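[1] Got a sequence here, can you build the structure:
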Amino acid sequence: MDKFSLDNQVERVIRGENTYFLNPIETSYVINHIKKRIYDYRILKLFEDSEKLIIYRDSLNISLFEIKTNTKLTHREILGALFSHNLSDNFFGDIIIDNDRYFIAVLNIIKDYMINNFIKIGNKKVKLLEVDLYTVKDYKLKFLDINLSVSSLRLDNIISKLIPTSRSISGDFIKDKKVIVNYNLCTNKNYTLKDGDIFSIRGIGKFKYIGINYLKSNDKKSIMIKKYI
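    Numbers count the residues shown, from 1 in each chain. Next up is the predicted model:
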């Protein structure tokens, strides 16, 4: 969200309404502004590791749907279907896949639209069933641990090791605006990853940089990265 949109989210909370779904950076911005004016606000995380948050005071106008289907779905398919309906990603929460069950939370302003129109994901028929918000409270994000040996923590170098490919091609991913770091577009191939940075590469996946495991004798570093599954 831009500053104007975030300021609108601040005013929503002041009025007693809930915000749209916010990433952690957007959440910090809104909290820093509302705490100067009110103190009785709360933060909703549908599950412990959720990266899409809601700030609210009294009313909480969101709904959780289970996506019912007779076939398997992927995160990419669900996300693509949501975007195919021209929905802003601030209108819906994390996509949750748990033992072949699929869930998505949405703002109530699009609830009826979703029920009536979200009937296919690709060529797969689906149906939305509203469930209790706390159905997914025990859900845990799943990660694949990746250990890499690198000479530098520069973004282009890390991407070249993950894919794997050449530094030139990984630099092109960044130049072509295919890389997001901490929820913002990153076009600086020289950016140095810091502990806890979350980054995604379009068409490849989403990752979290954990940090350096240890330093090797040849001046290389053993690092840990988690890939979201």
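[2] now Lys45: how far from Lys137?
    Noted for Lys45: a distance of 9 Å to Lys137, by C-beta to C-beta, to the nearest Å. Where you see a C-beta, it was placed from the backbone N, CA and C, and this is true even at glycine.
[3] With neighbour numbers in mind, choose between the two.
    The residue with more neighbours, out of Lys45 and Lys137, is Lys45; 15 against 12, by other C-beta atoms under 10 Å.
[4] Let me see the backbone angles for the more buried one.
    Backbone torsions for Lys45, taken as degrees, to the nearest 10, come to phi -120, psi 120.
[5] Over to Asp156?
    Backbone dihedrals for Asp156, given as degrees, to the nearest 10, come out at phi -60, psi -30.
[6] for it, what are its contacts?
    For Asp156, the contacting residues are 167, 170-171, 174, 189-190, by C-beta atoms under 8 Å, 6 or more residues apart in numbering.
[7] repeat that with 10 Å
    If a contact means C-beta atoms under 10 Å, 6 or more residues apart in numbering, then Asp156 has 166-175, 179, 188-191 as its contacts.
[8] repeat for Ile163
    For Ile163, the contacting residues are 169-170, 173, 201, 204-205, by C-beta under 10 Å, 6+ apart.
[9] And Leu82, by the same measure?
    The contact partners of Leu82, taken as C-beta under 10 Å, 6+ apart, are 88-89, 91-92, 95, 104, 106, 114, 118, 121.
[10] which residues sit against the longest strand belonging to the chain?
    If you go by DSSP state E, the chain has its longest strand at strand 205-215. With C-beta under 10 Å, 6+ apart as the test, strand 205-215 has contacts from 51, 75-76, 141, 143-150, 153, 155, 158-159, 162-163, 180-181, 193-201, 221-229.
[11] neighbouring contacts of the next helix or strand after that strand?
    On the C-terminal side of strand 205-215, the nearest following helix or strand under DSSP states H and E is strand 221-228. Residues outside strand 221-228 that contact it (C-beta under 10 Å, 6+ apart): 51, 75, 141-153, 158, 161-162, 193, 195, 197-200, 204-216.
[12] Just the buried residues from those, in PyMOL please.
    Listed next is the PyMOL selection for buried residues among the contacts of strand 221-228, using 16 or more other C-beta atoms under 10 Å:
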select buried, resi 51+75+143+148+150+153+158+161+162+193+197+198+199+200+205+206+207+208+209+210
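[13] In the chain, what residue spans correspond to helices?
    Using DSSP state H, the helices of the chain run over residues 3-14, 24-34, 75-84, 111-117, 155-162, 167-175.
[14] I'd like to know which of those helices is closest to Lys125.
    With C-beta to C-beta, the closest approach to Lys125 among the helices of the chain belongs to helix 75-84: 11.8 Å.
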